[in-house]
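Enquirer: Got a predicted model here, sequence first, then my questions.
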Amino acid sequence: MSHGSGKSYAPEFVAALKEAGFDFFAGVPCSLLKGLVSLLDRDESAHYISATREDSAIGMAVGAWLGGKLPMVLMQNSGLGVSVNALASLSTMYEVPTLLVISWRGEGGNDAPEHIMMGEIMIPILDLMKIPHRVLRAGEPMGPQVGWAKDVMLSTRQPAALIVPAGVLE
């Protein structure tokens, strides 16, 4: 299910992240984020770290924040499930602002069967964890969305999430 026009907004998104001051990037790739991952991977100034697990990427982001960086972690929504404990007992408890960029596999029940349940429960999980979130949409300017997330993160000293449906950052 593609919401986009076939155009990837990944270059605009990366530019918005860097302009907002994000300077630490880690995560576990997802096909819905391949444009974003590819750009970060090729950008030597981004120093993108490809993690083996999402919770370890959260741990790296905490270390980066403590070292003076502004961190972003990308993951598939199944990785949010893997990250629940790290987010609850580390990022949230110790007030570490982290931007979570989460692909929305299974949105609207249209995806491979293994993605359907996580597609349904991702938003309720974020709500339960009190993680503010917005859904990126193709055609919307990326700068204001990234700015909103940064403002929320820094004012609350907590994670914030930008959710990426199919067809936006591929």
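Expert: Thanks, I have it. Nothing here was measured: the structure is a model prediction, and the numbers come from that model. Residues are numbered from 1 along each chain as shown.
Enquirer: Measure how buried the closest residue in space to residue 71 that isn't next to it in sequence is and give me the count.
Expert: Sequence neighbours aside, residue 61 is the residue nearest to residue 71 in space, at 3.6 Å (criterion: C-beta to C-beta, 6 or more residues apart in numbering). C-beta here means a position set from N, CA and C on the backbone, and glycine is covered the same way. The burial count assigned to residue 61 is 30, neighbours taken as other C-beta atoms under 10 Å.
Enquirer: The chain should start at 248 in everything you say after this.
Expert: Got it, the first residue is 248 from now on, which makes the last one we talked about residue 308.
Enquirer: helices or strands next to the strand or helix carrying residue 308 in the packing?
Expert: Per DSSP states H and E, residue 308 falls inside helix 301-313. Judged by 3 or more C-beta pairs under 8 Å, 6 or more residues apart in numbering; DSSP states H and E, the packing partners of helix 301-313 are strand 271-274, strand 318-323, helix 324-333.
Enquirer: Now tabulate these in TSV and tack on mean pLDDT and mean neighbour count.
Expert: TSV is the format used below for the helices and strands packed on helix 301-313 (pLDDT from 0 to 100; neighbours: other C-beta atoms under 10 Å):
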stretch	mean pLDDT	mean neighbour count
strand 271-274	98	26
strand 318-323	97	28
helix 324-333	96	20
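Enquirer: just to revisit the earlier point, chain center to the helix holding residue 308: distance?
Expert: How far helix 301-313 lies from its chain's middle: 13 Å, per C-alpha atoms, centre = their mean, to the nearest Å.
Enquirer: so who does the residue sitting nearest the centre point of the chain touch?
Expert: By C-alpha atoms, centre = their mean, the chain has its centre lying nearest to residue 348, at 0.9 Å. Residue 348 makes contact with 274, 280, 283, 319-322, 408-409, 411, according to C-beta atoms under 8 Å, 6 or more residues apart in numbering.
Enquirer: one more time with 10 Å
Expert: 260, 264, 272, 274, 277, 280, 283, 319-322, 383, 393, 396, 408-411, 416 (C-beta atoms under 10 Å, 6 or more residues apart in numbering).
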